[in-house]
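Enquirer: structure for this input, please:
(one chain, ligands or ions: 1)
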Amino acid sequence: MAPHRGAAGAGKRLPNESEKTMRRPILAANWKMNLGRPQEALEFVRRIRYALNEIDTVERVLCPPFTALTAVAEALTATSIGVGAQNMHFEEKGAHTGEISAEMLTGLCQFVILGHSERRAAGGALETEMAINRKVRAALAHDLTPIVCVGETLAQIEKGETQSVVSDQVGAALDGLTSEQAARCVIAYEPLWAIGTGKAATPADANRVIGLILRAAIAVRFGEGVAQAVRIQYGGSVTPANIASFMTMPEIDGALVGGASLKPDYVDLVRNAAEAAGRR
Ligand code: PGA
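Expert: Model prediction:
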C-alpha cells in the first residue's frame with residue numbers, strides 16, 4: 001500500500017549529505033492503556049531492562065500509564081532507559097479533576113507524548129491544536145521532552161491533503177517556541193490508518209513525508225538548522241520484522257511503538273533498530 005504516492009512534497013528536495021546533522025535515534029514504547037498495574041509493569045520491565053539497557057546507541061524510552069510511572073521510573077533508575085508519560089494538562093495546578101500537570105511529572109519522567117491521534121480523535125477542549133501547543137510549552141518549561149504526534153487520516157491522504165494537514169499540525173504544535181525549544185522536541189509521524197492495524201506505511205512514503213513535508217514545515221518557521229536537528233519518528237504497526245526498513249531511511253530517526261512494545265521481543269525490535277541505524 002502506498003497512499004502517499006505522488007502528491008506529498010512534490011517539487012521539493014531532500015537535503016544533501018552536508019546538510020544532514022547527527023540525530024540520535026529514539027525508540028519510544030507507547031504502552032497506551034496497558035500494563036498499568038505497578039506489579040505487572042514491574043514484571044515486564046524486569047524481563048526486558050537488562051537487554052534494553054545494553055542497546056545504548058539509540059535512545060530508549062518506556063511510556064507506561066500514569067499509575068505505573070513511579071514503579072517503572074524506580075526500576076529504571078540505574079539504567080540509561082528513559083521514561084515518558086502519555087499525556088498531561090497544560091495548566092500547573094487547579095480545578096482539573098483527573099488531570100496531571102507537567103510539574104507533577106518532573107522527577108518521574110523525562111518525556112511526554114502529546115497530541116496522540118487516539119486522544120485527538122476522542123476530541124474535546126484538551127486536544128485542540130491550541131491546547132496541544134500549550135501542553136508543548138508547559139512540558140518544555142518543566143524540562144520534559146515532548147513527543148508530539150502528527151498524522152493524517154486515510155480520507156485526507158486520498159484527497160491529497162497530507163502536506164497541508166501534517167504541516168499545519170506541526171506548525172500549530174510548535175507555535176511560539178524559540179528555535180532552541182523547537183530543536184528539543186521529538187515529532188512522531190503516525191499516519192492514522194497505520195496505527196494498530198498491522199499495516200505499516202512503506203518506509204519510502206514515511207521518509208518522504210518526514211523529510212520533504214515535516215522538516216520543510218519546521219524549516220519555514222525555525223530555519224534549516226532546526227529542521228535538520230529535530231528528531232522525527234515514524235509510528236504505526238512497527239514490528240521487530242519491519243523496523244530495520246524504517247531505520248535505514250535517512251530522514252527517520254526512530255519509532256513510536258504501540259502494540260509491539262508490550263511483548264518481550266520488543267528488545268529485538270530495538271536491537272534491530274540500532275543495527276539498522278548503524279548502517280545508514
Ligand atoms: P502501533 O501504535 O504500534 O500499535 O500501531 C503506534 C502508536 O499509536 O503510537
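
Enquirer: for the residue nearest the centre of the chain, phi and psi?
Expert: Per Cα atoms, centre = their mean, the C-alpha nearest to the average position across the chain is that of Ala188, at 3.5 Å. Here is the backbone geometry of Ala188 (degrees, to the nearest 10): phi -120, psi 120.

Enquirer: ok, what's across the strand from it?
Expert: Beta bridges link Ala188 to Cys149, Gln233, judged by DSSP bridges.

Enquirer: point out where the stretch 1-150 of the chain drops to low pLDDT.
Expert: Across the stretch 1-150 of the chain, the ranges flagged by pLDDT under 70 are 1-21.

Enquirer: ok and the residue in the stretch 1-150 of the chain nearest the ligand?
Expert: Asn30 (4.3 Å; Cβ to the nearest ligand atom). Heads up, the C-betas are built off the backbone N, CA and C, glycines and all.

Enquirer: mind listing the residues bridging to that residue?
Expert: Cys63.

Enquirer: now do the contacts for the residue nearest to the centre of the chain.
Expert: When contacts are counted by Cβ atoms under 8 Å, 6 or more residues apart in numbering, Ala188 touches 28, 113, 147-150, 232-235, 256.

Enquirer: equivalent analysis for Arg280, please.
Expert: Applying Cβ under 8 Å, 6+ apart, the residues near Arg280 are 247-250.

Enquirer: any idea how far the ligand is from the residue nearest to the centre of the chain?
Expert: 7 Å (Cβ to the nearest ligand atom, to the nearest Å).

Enquirer: do you know the pLDDT at that residue?
Expert: In this model, Ala188 is scored at 98, pLDDT.

Enquirer: now swap in Arg279 and tell me
Expert: Value for Arg279, per-residue pLDDT: 88.

Enquirer: ok, and which of the contacts of Ala188 reach the ligand?
Expert: 235, 256 (Cβ under 6 Å from any ligand atom).
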